[in-house]
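**Q** Generate coordinates for the sequence data below:
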Amino acid sequence: MTLRHTLPRLDPAPLKDMARSLRFVAERGGKTLKSALPLDVLPDPAARVADAALDAVLKVGQGAERGVTALAHALLDRDEAPPTLSRPEDAEAEARFATAAHDGLRAALAHLGAESALVSEMAARRAWQAVTGAGSGQEDTATAAALFLGLIATHCLREAIWPETFALPAAEAARIATFAVLLSMLSDAAGFRALLPAAVDITLALRADLAAAGEDPALLAALFDEFRNHV
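**A** Below is the predicted model:
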């Protein structure tokens, strides 16, 4: 009998959020240490000790993330496409959306230039619950607009590490990445991951329009509707 059949059905999202937080803290700490430690000017023995310390910090976070996420995968995780936004009642739609939102946001942020990002699946679930709890029957572009606002409001993107030369304000980068993820889901839910780079590039070109739409659901839905078939 396998582990999946002997253990009770558990939600892996909190476990994965915890593991990812540990990894992100280690990555951020390692980046801070790397910039603070003058490894290039230290004499050889001290440089080797400092470099080993930096590696140890990074390995702690990476090891914790691998161990806890492996447990979460063993308990429940499946590699499924996000739900079609016109059918929020689909089986396990909430969990599928949250996983896809996490993966999509990290990929979109990386395409924008982020070195690392901390994204919360639990926050994505809260956004989904708030939108679908208000009732179904609306157009999928309206659902996308509501999810966009919900993901921003729940701070689904907790934090990102950007290069020193990154020019976009962090809040604008979060909006661009979030819009791009939902735009690619609207275009093709099953293949949205492959569409993300193009969706990010399109959203970058729409920076002014996205900023002008602000938090207006109707304007956001109109943007989704106009560009969903351009990805």
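**Q** Only C-alpha atoms from now on, for both contacts and neighbour counts.
**A** Noted.
**Q** what's P88 sitting at in phi/psi?
**A** phi -70, psi -10 (degrees, to the nearest 10).
**Q** nearest spatial neighbour of it, skipping sequence neighbours?
**A** Closest residue to P88 apart from its sequence neighbours, by C-alpha to C-alpha, 6 or more residues apart in numbering: T132 at 6.7 Å.
**Q** Now do the domain split for this protein, please.
**A** 3-75, 93-230 (automatic domain parsing).
**Q** Least confident of the ones you listed, on average?
**A** Of all the domains of the chain, the minimum mean pLDDT falls on domain 3-75 (a mean of 59).
**Q** Any figure for the gap between the residue nearest to A213 when sequence neighbours are not counted and F24?
**A** Once flanking residues are discounted, A213 sits nearest to L219: 5.3 Å by C-alpha to C-alpha, 6+ apart. Taking C-alpha to C-alpha, to the nearest Å as the measure, L219 falls 35 Å from F24.
**Q** which of the two has more neighbours?
**A** F24 (23 against 17; other C-alpha atoms under 10 Å).
**Q** which residues in this structure form strands?
**A** 116-119, 157-161 (DSSP state E).
**Q** which residues does the closest residue to R175 other than its chain neighbours contact?
**A** Nearest non-adjacent residue to R175, counting by C-alpha to C-alpha, 6+ apart: I152, 7.3 Å away. I152 makes contacts with 174-175, 178, as judged by C-alpha atoms under 8 Å, 6 or more residues apart in numbering.
**Q** how close does I152 get to A95?
**A** 18 Å.
**Q** hmm, back to that, dump the strands of the chain into CSV; add distance to D225 as well.
**A** What follows is the strands of the chain, written out as CSV (distance: least, C-alpha to C-alpha, whole Å):
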stretch, distance to D225
strand 116-119, 26
strand 157-161, 24
